[in-house]
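>>> Can you look at this prediction? I've put the sequence above it.
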Number of protein chains: 2
Amino acid sequence: MDEYRGQKVLITGGLGFIGSNLAIRLVQAGASVSIIDSLAPSCGGNTFNINPVRNDVEVTEADCCDLDLMRRLVRGKSHVFNLAGHVSHTESMKDPFNDVRMNCMGPLTALEACKLENREARVIYSGTRQAYGRPDVLPLVETHPLRPVDVNGVNKMAGEWYHIVYNRAYGMWTVSLRLVNTFGPRQLVTDARQGFVGLFIRKAIDGEEIQIFGDGQQLRGFNYVDDVVDALLIAGINEKAKGDYFNLGGPRPFTIQNFVESLLRLTGRGSFRIVPFPEENKSIDIGSVYSSWAKYNFLTNWAPRVSLDEGLAHTVEYYQRNKSHYW
Amino acid sequence: MDEYRGQKVLITGGLGFIGSNLAIRLVQAGASVSIIDSLAPSCGGNTFNINPVRNDVEVTEADCCDLDLMRRLVRGKSHVFNLAGHVSHTESMKDPFNDVRMNCMGPLTALEACKLENREARVIYSGTRQAYGRPDVLPLVETHPLRPVDVNGVNKMAGEWYHIVYNRAYGMWTVSLRLVNTFGPRQLVTDARQGFVGLFIRKAIDGEEIQIFGDGQQLRGFNYVDDVVDALLIAGINEKAKGDYFNLGGPRPFTIQNFVESLLRLTGRGSFRIVPFPEENKSIDIGSVYSSWAKYNFLTNWAPRVSLDEGLAHTVEYYQRNKSHYW
């Protein structure tokens, strides 16, 4: 990743789970990193997340929908990692307007700022496989129709397509990666707003009972955050990825029960119980879902390298060591 | 359409092109019609549009994004025709944020108001074939992937999917119809914000030269507004349409040059010239595009009944008679 040495990079949502892992890696790679993050309670930003590089990054605590501010921030940047947003399915159903703000207006503001100030900036977006909704066939491939099942999925789909449109219309370097169940250090673990994975990790460390909705046999392509960071960095340097969208995924799918069992083995504490889907979540349940990342792999050589067990071991170790900052 | 007799119906954007034609038909069918329309200059609302029924409809001039107001307006309504929005491709690229407001926030506000106050209301949305972007194969069918090429297309796609999500999540009766090039009385004709069709009609009546971008051989499925109104009304009474999305279209596709020639024959004035696509519009040009409406036809029996020539004759006659209100 020598291409990032000396580059000026902006990360929206850079105090969040994926943004902070990316920021740390970019600082290690010799980039000059700026972060904008609203630290909105609903998002999952945490200043401790960037603790290892806290003196090496410039942090602006502000709203990514502020176009004037964004115009100033994108000037002179080589890359904008457009990661700020909401990821909660259920929150998006409770307050759909806020989800539009965070997931449509926010990403669009970064794009528009680049269009107005710096069309050379490479804009990399964190999309989601949620945009696919219930899969017709597995694994999900990029040609699968997008049929989101919740407001968050709709808005993340829109967020992705703004990027594609800005590539087609203005020739800008934009890429969208469709993330799956990412896990690892620096994720929000107090509740399930950033996915059930974070919550499960906290419960396992606390020795609590984990409730698995459904039958536990739903497959997921758990993806360790370091691999996702690799994928994001590649999207900003490999020209073949420009203007396109790609699935990410883990080395191979595991059932949610597999995931929980691995986790409990590592913590040596906690338990799990299979419970029926709660009525209010049933309609947005999507069963088994995992993605083929062959398109990205063939084009860029990216592949997930961290196994589930290895990733979980790092994760549990991180939270045990830094519990006070996340509990 | 006897099912609408005595029904209380709300139309968002009811002073606009399609909304006003729908309002007139609903009044004729014995419905009690309420309209909310912002009369925003960028939209195309025109109080003269509802002139034939001006004493029979209740008009609220306000912003459809006002949730409190919308909650009051949807109470007791049997149907909400969720038509308010922007349709301009080019405006959406100039001010993408306003397009999000009009095409994401607006339709979502009506849905959320119904969710909170009146889940029995049937919500019919005017989607667009623009969400498909450049077609892989013609005619467009509903299984064709959605790959919008401008911000307006992205937001209209999102607007449609909110409706689908609200059906799946809350069991609400929602339907989206994907409109094509609708034409007819009450369309904005001062410029191309509601499509080139309106502008061409004004120019033909004024005896001006019509510029056709490209080669004039691009096919379009011109759809007369009365047929579109039929389709909207059916969507609110045929249970089989509930929770689904459907293409509309004209009886058969015509080239843009065919359309213009028919138009000029009717007005007996004006001329046309084929000119290359202007640089700023090139990237959002989509070539030939027309839709199969077989899905809707097989399910509901709807079919477009008005030929291009017949529709154009009504249209030209209308504008010649009411020129002062549209020029």
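Yep, it's here.
>>> Just to check, A:S291 is in contact with A:R252?
No. At 11.5 Å, A:S291 and A:R252 do not qualify as touching, with contact defined as CB atoms under 8 Å. The way it works is simple: take the backbone N, C-alpha and C, and place the C-beta from them, glycine included.
>>> Need the overlap of contacts for those two.
With contacts defined as CB atoms under 8 Å, 6 or more residues apart in numbering or on different chains, the residues shared by A:S291 and A:R252 are A:G221.
>>> More neighbours: those two, which one.
Taking other CB atoms under 10 Å in any protein chain shown, A:S291 and A:R252 do not tie; A:S291 has more neighbours (28 against 13).
>>> quick one: low-confidence ranges for chain A?
Applying pLDDT under 70 to chain A flags residues A:283-284.
>>> go again using 80 as the cut-off
For chain A, the stretches with pLDDT under 80 are A:1, A:42, A:279-286.
>>> which stretches of it form helices?
Per DSSP state H, chain A carries helices over the ranges A:17-28, A:67-74, A:89-94, A:96-100, A:106-117, A:151-170, A:196-206, A:225-235, A:256-267, A:279-282, A:294-300, A:308-322.
>>> of those helices, which approaches chain B most closely?
Proximity to chain B, assessed across the helices of chain A by CB to the nearest CB, is greatest for helix A:151-170 (4.2 Å).
>>> send the alpha carbons of that closest one over as CSV?
Output for helix A:151-170, consisting of C-alpha atoms alone and laid out as CSV, is shown next (Å, rounded to 0.1, in the frame of the first residue of the first chain):
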residue,chain,number,x,y,z
VAL,A,151,-35.5,1.8,4.7
ASN,A,152,-31.8,1.5,5.6
GLY,A,153,-31.3,-0.8,2.6
VAL,A,154,-33.1,1.6,0.3
ASN,A,155,-31.0,4.5,1.4
LYS,A,156,-27.7,2.6,1.2
MET,A,157,-28.7,1.5,-2.3
ALA,A,158,-29.3,5.2,-3.2
GLY,A,159,-26.1,6.2,-1.5
GLU,A,160,-24.2,3.7,-3.7
TRP,A,161,-25.9,4.8,-6.9
TYR,A,162,-25.1,8.5,-6.3
HIS,A,163,-21.5,7.3,-6.6
ILE,A,164,-22.0,5.4,-9.8
VAL,A,165,-23.9,8.4,-11.3
TYR,A,166,-21.1,10.8,-10.3
ASN,A,167,-18.6,8.5,-12.1
ARG,A,168,-20.7,8.3,-15.3
ALA,A,169,-21.7,12.0,-15.3
TYR,A,170,-18.5,13.7,-14.2
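>>> got the buried residues for it?
Of the residues in helix A:151-170, those with enough neighbours to count as buried (16 or more other CB atoms under 10 Å in any protein chain shown) are A:151-169.
>>> With stretch A:72-92 instead?
Under the neighbour-count rule (16+ other CB under 10 Å), stretch A:72-92 has A:73-74, A:77-89, A:91-92 buried.
>>> Let's see stretch A:320-327 as PDB, backbone CA atoms only.
These are the backbone C-alpha positions of stretch A:320-327, laid out as PDB (Å, rounded to 0.1, in the frame of the first residue of the first chain):
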ATOM      1  CA  GLN A 320     -11.000  -7.700  26.800                       C
ATOM      2  CA  ARG A 321      -8.000  -5.300  26.800                       C
ATOM      3  CA  ASN A 322     -10.100  -2.200  26.100                       C
ATOM      4  CA  LYS A 323     -13.400  -3.100  27.800                       C
ATOM      5  CA  SER A 324     -13.800   0.200  29.600                       C
ATOM      6  CA  HIS A 325     -14.000   2.100  26.400                       C
ATOM      7  CA  TYR A 326     -16.700   0.100  24.800                       C
ATOM      8  CA  TRP A 327     -19.000  -1.200  27.500                       C
END
